[in-house]
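Asks: requesting a structural model of the entry that follows:
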Amino acid sequence: MRILKPLLPSLIKSGLVALWEALSGWSTPSLALERHLLQRVLPPSKIGRVASSTFNHQLALLRNRVELSRGDIPLWFGPFLGEIGYELLYWRGFVSSVRSELGLSHDQVAVISRGGVAGWYGVVEKNYSDLYQLIGESNLAKIQTDVYPVRFESEHQAIVKAVRGNRRFWVHPRLMHQAIAEFKTDPSTLPKIAKTISHSPIREQDMLRSDSNLRRIWEKLQESLPSRYIAVKIYTGSNLNDPSFGGTIEDALRIISREIPVVALSNTETTSSHSDWGISLQEVLKPMIDVPKSLNLGVQTLLIGKSQAFWGTYGGFSYLPLYLKKASLVFKDGATIQKRAHEVMESHAVTTLGTSYKVLDLSKENLIDATTDFLAESLA
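Replies: Numbers count the residues shown, from 1 in each chain. Take a look at the predicted model:
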């Protein structure tokens, strides 16, 4: 009791917050209890096992609802508010696996995300809602700032109001977080979730079929594109343009542009804490200038898909060419720390997809030499 006494005020306050969230509909009772109480008193490994068990129970309930509520189909997944890397590496595969587990066709699944990514999930146009259009850019930016540090995404009132409407039958990303909770604390448990998080290629035909506006922009944009090019995406980094790495980013880009045109994927998407590194070289093409944010990721997906290969900084976005099965050279400085679970899942995705995906540590390897070798292999 002496040990708990100093914690009582905090626990009581957390308990009241959890109760209010559950009663108000802001959150579910299980999520509120986990976030506000269990995380304060239990070790992460124990929380992971509890959450994984909760996922299995929730999936069983969801299966019963699907069987009893065919009138509520399609089953909506989302809203997804997290990083692009999480969406590609975990959420997209989770949606696909749950769809298969419940015996649903692609037409019976709907997705709520942002940036024109309906094609990532293979859903038809009517079964996709974009958060930029649902709640607006400013609201989305605020929500992303609010939830970014939180392990489990909370439902924000603006999204709840916009999404629920007549879409009563839906799956929130918290279910995915429950499924991978044990894996995040113990990556050796990957075999347990291998069927829950699947990895499949993103197809151009799905992207073009999913959105008529995206199709129109892409048809116009292609007129200005070279027939062959390297797609490039560079985020700001404290050391990434350090000459001690064997050459600067501009040096490497000049080497690439002498062999093949370079197309820059400018960053107007706000799902990352990073900003674009200014590419000022005249040799670099920038076709993304007039693309609206509601289609930004969709257009970038198509640009990478048409490219010969991808070259850029390592991060969540750099998983996109992996799922497009494009050879990639991505680089990071020695200060970049990757969580072990992400490394294991990334390696699993690379093996499953069979994509050439090289991560270069600039504190140990030479950027210019690696870029030269990459070009020789990619353009062969």
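
Asks: tell me the domain boundaries of this structure?
Replies: As assigned by automatic domain parsing, the chain contains the domains 1-41, 43-198, 212-378.

Asks: rank those domains by mean pLDDT and give me the bottom one.
Replies: Mean pLDDT values for the domains of the chain show the minimum at domain 1-41, a mean of 50.

Asks: measure how buried Ser129 is and give me the count.
Replies: By other CB atoms under 10 Å, the residues close to Ser129 number 21. C-betas here are computed from N, CA, C, even on glycine.

Asks: repeat for the one 10 residues further on
Replies: Asn139: 16 surrounding residues under other CB under 10 Å.

Asks: again with Lys192
Replies: Neighbours of Lys192 under the rule other CB under 10 Å: 14.

Asks: ok, it touching Phe183?
Replies: Yes: if you go by CB atoms under 8 Å, Lys192 and Phe183 touch, sitting 7.1 Å apart.

Asks: where do the helices sit along the stretch 151-300 of the chain?
Replies: 157-164, 174-185, 190-193, 204-210, 212-221, 249-259, 296-306 (DSSP state H, counting those that start in this stretch).

Asks: closest one to Lys358 among those helices?
Replies: Each of these has some distance to Lys358 by CB to CB; the shortest is helix 249-259, at 14.1 Å.

Asks: other SSEs contacting the closest one?
Replies: Judged by 3 or more CB pairs under 8 Å, 6 or more residues apart in numbering; DSSP states H and E, the packing partners of helix 249-259 are strand 230-233, helix 367-378.

Asks: can you dump the C-alpha coordinates of it into PDB?
Replies: Extracted in PDB, the C-alpha atoms of helix 249-259 (Å, rounded to 0.1, in the frame of the first residue of the first chain):
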ATOM      1  CA  ILE A 249      23.600  14.800 -52.000                       C
ATOM      2  CA  GLU A 250      23.900  17.300 -54.900                       C
ATOM      3  CA  ASP A 251      27.100  15.500 -56.000                       C
ATOM      4  CA  ALA A 252      25.200  12.200 -56.100                       C
ATOM      5  CA  LEU A 253      22.300  13.800 -57.900                       C
ATOM      6  CA  ARG A 254      24.600  15.200 -60.600                       C
ATOM      7  CA  ILE A 255      26.000  11.700 -61.100                       C
ATOM      8  CA  ILE A 256      22.500  10.200 -61.500                       C
ATOM      9  CA  SER A 257      21.300  13.000 -63.800                       C
ATOM     10  CA  ARG A 258      24.300  12.400 -66.200                       C
ATOM     11  CA  GLU A 259      23.000   8.900 -66.700                       C
END
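
Asks: and the closest residue to Asp251 other than its chain neighbours, what does it touch?
Replies: Nearest residue to Asp251, sequence neighbours excluded (CB to CB, 6 or more residues apart in numbering): Ile368, at 6.3 Å. Contacts for Ile368 (CB atoms under 8 Å, 6 or more residues apart in numbering) come out as 246-247, 251-252, 255.

Asks: can you list the residues you listed in a markdown table and add neighbour count and distance to Ala380?
Replies: Output for the contacts of Ile368, formatted as a markdown table (neighbours: other CB atoms under 10 Å; distance: CB to CB, whole Å):
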| residue | neighbour count | distance to Ala380 |
| --- | --- | --- |
| Gly246 | 16 | 23 |
| Gly247 | 18 | 22 |
| Asp251 | 15 | 23 |
| Ala252 | 24 | 19 |
| Ile255 | 15 | 16 |
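
Asks: and those, which is closest to Ala110?
Replies: Among the contacts of Ile368, and counting by CB to CB, the member closest to Ala110 is Ala252, at 41.9 Å.

Asks: the closest one reaches Asn366, doesn't it?
Replies: No: judged on CB under 8 Å, Ala252 makes no contact with Asn366 at a distance of 10.2 Å.
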